[in-house]
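**Student:** Okay, sequence plus prediction incoming.
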Amino acid sequence: MNSPINSPKNSSTKSPKKSLKNREESTLKLLPKLAGNPLFKLQCYISGKWCDGEGGETDAVINPATSEVIGYSPKISETQLSQAMIFSQQAQTSWQAQTAKHRSALLQKWYELIVANQESLAQIITTEQGKPLAEAIAEVNYAASYVQWYAEQAKRVYGEVIPAHQAQLQLTVVKQAVGVCAAITPWNFPAAMIARKAAPALAAGCAIIVKPAPATPFTAFALASLAEQAGIPAGLFNVVTGDAVMIGEQFCQNPIIKKLSFTGSTAVGQQLIRQSASNVTKLSLELGGNAPFIVMDDAIIEDAVDGLIQSKFRNSGQTCVCANRIYVHRAIYAEFCQQFTNKVAKLNLGNGFDNDVHLGPLINQAAVEKVQQHVDDAIANGATLVCGGKATKGLFYPATIITNASHGMRFAREETFGPVAAIIAFDDIEQVINYANDTPFGLAAYVYSQNVSHIHRFGAELAYGMVGINTGLISTEVAPFGGIKASGYGREGGKEGIEEYLVQKYLCQGR
Ligand SMILES: NC(=O)C1=CN([C@@H]2O[C@H](COP(=O)(O)OP(=O)(O)OC[C@H]3O[C@@H](n4cnc5c(N)ncnc54)[C@H](OP(=O)(O)O)[C@@H]3O)[C@@H](O)[C@H]2O)C=CC1
Ligand SMILES: O=C(O)CCCC(=O)O
């Protein structure tokens, strides 16, 4: 039987005769957990209306824990998309003319609704993405924090007065909304990745059209439902699903779209750069990572172990800022590995809805295969498997520890995106900085050390957009999140995040 888990794109179904009501009824029979969930919508939200694809085609969405079909998301047509852009352009013109205070109040309302509906949203996230319910709740609050932050920042978009070079001139710089924006988001944080693009866009006075990953469209529809309830005017926040290639080309090449923000793989990011050349579209790209996690011999081992567990196993390792390569000083290597193994043994793998589950399933079969290849490569090249190392059932992959690993192994070159902790010994700070920087990627790095001069050196020399020092968790709405090198450019969060959706205009005024 063709398993839609392997490739959601291959699971397209042409179902023009199936009415929405029938689709909802058959879906709810399959998945009692979402029955009655007021935010469970199966339609795109475009120009303030809920709609199917005009050709009636849909994509099946699969629960990665059970392989059951959760529901179907529409495939919108190119015509629908270009009409959405025209409508958004009109809506955006009025929106940017509103006061920042007005935009802020609507975003604040959206924030409050997201928090008030956190359980319904988290249920949808766990069902379509697989992460444990407690993590899904944490993600909803994380997503909400961006909406709240940009509701506040909306009111602080300041311009500048420049001391003029001639007495008769006045020089000022104003900031204006870039226009209609687009976003392409991944499945690993289906709520947060949308919130941290849409909230600054709306705060800045832009409209946005979001294409979520096909594995997790229902969280996006749920956010749209709450935006509608919050009173965000039609055409400003849109969610479209369907053919990624067609939508991606339109986002890059339709001149209505002035800005595209993407989170996902480096390969797709590079394609979007190429595609948007003709339109010179402004881009923000948050791409793959390959985070080094460094533990010096002067670190507090217990803290480093706890930090590694947080960094490595969040979302079963399916996070671009997850520790991907772990470097532990040889002097503490054995002790560190022992303490880490003892704690990892307590992590439970299971359905995210069950109690006391720390790791849910991986997103699809391709993800399981990539993880397995990285494990097999390490073992074949002389590393030692301490625990895990094979899927237990379906997409469930256990926490895996590999010791005696080396820098040349595949996991150290490529993002694993799974719950595999492979630990490499190093001898001195020079060597480990070289190892850490020996990658095309530059998103996040982590260091554990109690030596101030070591910390300063790591801070200065690690070639990354973000460095966690004596912590395994760096993400927050108040700080600029983003990478350098092949991990992309642009920042999300902090005061910097809203700048991505603004353009500067310099006014040179004579008497
Ligand atoms: N930085 C991060 O947070 C993430 C990194 N990754 C990395 O990427 C690897 C592969 O994951 P995957 O989900 O396939 O990531 P992709 O980069 O393929 O997908 C991310 C998003 O981009 C869309 N997309 C894919 N191709 C195009 C295109 N030509 N034009 C426009 N949009 C497109 C996808 O939609 P569709 O699926 O319909 O093609 C999805 O919405 C992971 O193993 C991980 O290493 C993945 C996800 C997030
Ligand atoms: O790109 C990702 O993997 C999501 C980032 C998660 C975070 O904000 O910590």
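**Tutor:** Alright, I've got the coordinates. Ligands and ions are numbered 1, 2, ... in the order given.
**Student:** how close does Val61 sit to Pro214?
**Tutor:** 7 Å (C-beta to C-beta, to the nearest Å). Just so you know, the C-beta spots here come from the backbone N, C-alpha and C atoms, and that holds for glycine as well.
**Student:** Hmm, I typed the wrong one, I wanted Ile326.
**Tutor:** 32 Å.
**Student:** What count of nearby residues applies to Glu249?
**Tutor:** 17 (other C-beta atoms under 10 Å).
**Student:** more neighbours, Ile326 and Pro214?
**Tutor:** Ile326 (28 against 22).
**Student:** Is that one in contact with Phe293, as I believe?
**Tutor:** Yes: the pair Ile326 and Phe293 passes the contact test of C-beta atoms under 8 Å, sitting 4.7 Å apart.
**Student:** Name all residues that sit in contact with these two at the same time.
**Tutor:** 308, 312 (C-beta atoms under 8 Å, 6 or more residues apart in numbering).
**Student:** residues in the stretch 351-500 of the chain within reach of ligand 2, list them.
**Tutor:** Selection of the stretch 351-500 of the chain residues close to ligand 2 by C-beta under 6 Å from any ligand atom yields 475, 481.
**Student:** Please enumerate the helices of the stretch 351-500 of the chain.
**Tutor:** Assigned by DSSP state H, counting those that start in this stretch, the stretch 351-500 of the chain shows helices spanning 365-380, 410-413, 429-437, 452-461, 496-499.
**Student:** in the last one, what counts as buried?
**Tutor:** Which is helix 496-499. Judged by neighbour count (16 or more other C-beta atoms under 10 Å), helix 496-499 contains these buried residues: 497-499.
**Student:** try the second one
**Tutor:** Of the residues in helix 410-413, those scored as buried under the neighbour-count criterion (16+ other C-beta under 10 Å) are 410-413.
**Student:** Break down the stretch 51-200 of the chain into its helices, ranges please.
**Tutor:** All helices of the stretch 51-200 of the chain, identified by DSSP H, counting those that start in this stretch, fall at 78-97, 100-116, 118-129, 133-153, 192-204.
**Student:** Kindly reformat those as TSV containing mean neighbour count, mean pLDDT and distance to ligand 2.
**Tutor:** Formatted as TSV, the helices of the stretch 51-200 of the chain follow (neighbours: other C-beta atoms under 10 Å; pLDDT from 0 to 100; distance: least, C-beta to the nearest ligand atom, whole Å):
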stretch	mean neighbour count	mean pLDDT	distance to ligand 2
helix 78-97	18	98	25
helix 100-116	19	98	16
helix 118-129	25	98	12
helix 133-153	23	98	7
helix 192-204	30	98	6
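**Student:** OK, now which residue of the stretch 251-400 of the chain is nearest to ligand 2?
**Tutor:** Closest residue of the stretch 251-400 of the chain to ligand 2, C-beta to the nearest ligand atom: Cys320 (3.4 Å).
**Student:** Leaving out sequence neighbours, find the closest residue to that residue.
**Tutor:** Gly289 (4.4 Å; C-beta to C-beta, 6 or more residues apart in numbering).
**Student:** same thing with Phe262?
**Tutor:** Nearest non-adjacent residue to Phe262 (C-beta to C-beta, 6+ apart): Ile184, at 4.6 Å.
**Student:** wait, what's in contact with Leu223?
**Tutor:** 114, 121, 143, 191, 194-195, 198, 239.
**Student:** Within the helices and strands, which one has it?
**Tutor:** For Leu223, the host element (DSSP states H and E) is helix 217-230.
**Student:** Can you name the element that comes right after that helix?
**Tutor:** Counting by DSSP H and E, what follows helix 217-230 is strand 237-239.
**Student:** Who are the packing partners of that next one?
**Tutor:** strand 44-46, strand 207-211, helix 217-230 (3 or more C-beta pairs under 8 Å, 6 or more residues apart in numbering; DSSP states H and E).
**Student:** Leaving out the residues flanking it, which one is nearest to the residue positioned nearest the centre of the chain?
**Tutor:** The centroid of the chain falls nearest to Met193 when counting by C-alpha atoms, centre = their mean (4.1 Å). Spatial nearest neighbour of Met193, chain neighbours left out: Thr185 (4.2 Å); criterion: C-beta to C-beta, 6+ apart.
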